[in-house]
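Asks: Based on what follows, work out the 3D shape:
(one chain, ligands or ions: 1)
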Amino acid sequence: MTTTSPASSPLPASPGTTAEPSYENTVKLHAEASLFLAGGVSSNFRLGMQPAPLFFERAAGAHLFDVDGNRYIDYVLGMGPNLLGHAPPGVTETVAESLGRGVLYAGQHREEIALARRFCAMVPCADLVRFGSSGSEMAQGALRVARAATGRSLVVKFEGHYHGWFDTVLVSVHPPLDEAGPEEAPAPVLPSAGQSAAAAQDVAVLPWNDLGVVERFLAARGHETAALIMEPILCNTCVIPPRPGYLEGVRALCDRYGVILVFDEVITGFRVGPGGAQARLGVTPDLAIYAKALGAGYPIAALAGKRQLMELIASGVVLHGGSYNTNVVSTVAARAALDELGGDGSAPYLGMEALGQRLMDGLRERARRSGVPLLVQGLPAAFNTCFTTRQAITDYRDFARHTDAPRLRAFLKALQDGGVRVTSRGTWFLSTVHTAADVAETLDVAEAALRAV
Ligand SMILES: Cc1ncc(COP(=O)(O)O)c(C=O)c1O
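Replies: Below you'll find the model as predicted:
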């Protein structure tokens, strides 16, 4: 662990050690927070961290600084949004400049037009767009539009995919295998107590990456199916890419049965390229949802799609609302972020991809040297590490059956102790401001962590 005293001091040299650092102040603050905040946190995804959910003092570029003076190279990046790094100067200055003009008008402003124009130019499916504040609410909007357009109520989602925490789609995200039902026709599993049982009735769950399963399902129930929603690259489980031809096949089946194809690009949007997964993989959905990298850390999300579908919202047939939609701060932040990402072709992505590739290759090499079966899978801008002897993980059941979760947890804790922060699912996000020095330091820490586990 690297320790810095004044928070503004220069970053020290590479440590390459994973001895347990001090988390004393974090532990104390967590105890204090737990007196008032449920669980001491503001999202359940922050529970269960060891020795406690970390408390941070500040963040800059690719680095985070906690309240015990520990510095981390950050591959969590706010769970993905900070594609431009923490406090990116262009975005920060634009936001600061806007603050004197007020934040919420409950009315329109020019910045929305600039943002929407830029967004629609970058995203292939976006004839029209609407903005909101979070990915979860945009998933609701997409399904509402699909149901209104088709007059059908059933939605197909896939095991291992996450589309937010609301009742209607919080189904079979990572279900326990003994509750998950048959592989080809999984049982819908509701992960949270208190969810409406009706949520499971309107959702059919399928295994992902198997075109035959979708074909058979839609042949039988296509006439009832409003939408099929998926992460086009399965970032919430092991960062699994679609099999060659899978997305094209699903696209064709949706057309054949009149089913609305929804891509959840909350993670992939603006991260895997300026046009997201749909541009990178060359398959255009009917609707798509965005959040995370769109706002460079500020809360903003989008629902975009084909004109005919989005006209249902435009005409008021489908209701979409939100008090905080296009607040000035989030809007100008997103506009500044997209200006940076979309202004110059793929230039901002080239360095990040090269560095991410170097990190992926380096992790593979260090694991091989250490004799540890680490699978590094995904794209340079978002990849996953898990412990398995398999050459690839191709769907959720594969992941649940064949990867070693306790070993991953130990690896992630050792990385944290060494000053490298990775998401609790073992997914690593790159930013445009990580450097070759960050990667070199990360690889040394990772090798020590691999040997330790
Ligand atoms: C693919 C995907 N969709 C939707 C969501 C929900 O977004 P939010 O947390 O902004 O509600 C997430 C959040 O991690 C996500 O990863």
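Asks: Could you break the protein into its assigned domains?
Replies: Domains of the chain are assigned by automatic domain parsing as 2-75+347-452, 89-342.
Asks: who wins for proximity to Pro81 among these?
Replies: Evaluated over these, closeness to Pro81 peaks at domain 89-342, with 4.3 Å, by CB to CB. Where you see a C-beta, it was placed from the backbone N, CA and C, and this is true even at glycine.
Asks: residue of the stretch 301-450 of the chain with the smallest distance to the ligand?
Replies: The minimum distance from the stretch 301-450 of the chain to the ligand, using CB to the nearest ligand atom, falls at Ala301 (6.0 Å).
Asks: Just list the residues touching that residue, thanks.
Replies: Neighbour list for Ala301: 131-135, 137-138, 266, 289-291, 294-295 [criterion: CB atoms under 8 Å, 6 or more residues apart in numbering].
Asks: out of the residues you listed, which one sits closest to the ligand?
Replies: Of all the contacts of Ala301, Gly135 has the smallest distance to the ligand: 2.4 Å, by CB to the nearest ligand atom.
Asks: quick one: contacts for that closest one?
Replies: 163-164, 264, 266, 289-292, 301.
Asks: Apply 10 Å and report the result again.
Replies: 162-165, 264-267, 269, 289-292, 294, 301-303 (CB atoms under 10 Å, 6 or more residues apart in numbering).
Asks: ok, back up a step: let's have the contacts of Ala301 in TSV, adding pLDDT and distance to Phe399.
Replies: Supplementary listing: these in TSV, determined by pLDDT from 0 to 100; distance: CB to CB, whole Å:
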residue	pLDDT	distance to Phe399
Phe131	98	33
Gly132	98	30
Ser133	98	30
Ser134	98	26
Gly135	98	22
Glu137	98	28
Met138	98	26
Val266	98	20
Ile289	98	23
Tyr290	98	25
Ala291	98	24
Leu294	98	27
Gly295	98	29
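Asks: Just the ones of those residues in helices?
Replies: 135, 137-138 (DSSP state H).
Asks: Keep only those that also lie close to the ligand.
Replies: Among the ones in helices among the contacts of Ala301, the ones lying near the ligand by CB under 6 Å from any ligand atom are Gly135.
Asks: got a list of what the residue sitting nearest the centre point of the chain touches?
Replies: In the chain, the residue lying closest to the centroid (CA atoms, centre = their mean) is Ile267, at 3.3 Å. By CB under 10 Å, 6+ apart, the residues touching Ile267 are 79-81, 135, 162, 231-236, 239, 276-277, 290-293, 381-382, 427, 429.
Asks: if you set the cut-off to 8 Å instead, what comes out?
Replies: Neighbour list for Ile267: 80, 231, 233, 235-236, 292, 382 [criterion: CB under 8 Å, 6+ apart].
Asks: Contacting the ligand as well, which ones from these?
Replies: Applying CB under 6 Å from any ligand atom to the contacts of Ile267, those adjacent to the ligand are 231, 236.
Asks: Report the two of the contacts of Ile267 separated the most.
Replies: Of all pairs in these, the most separated under CB to CB is Ile233 and Lys292 at 13.5 Å.
Asks: who has more neighbours, these two?
Replies: For the pair Ile233 and Lys292, the greater number of neighbours falls to Lys292 (26 against 23), based on other CB atoms under 10 Å.
Asks: Thank you, goodbye.
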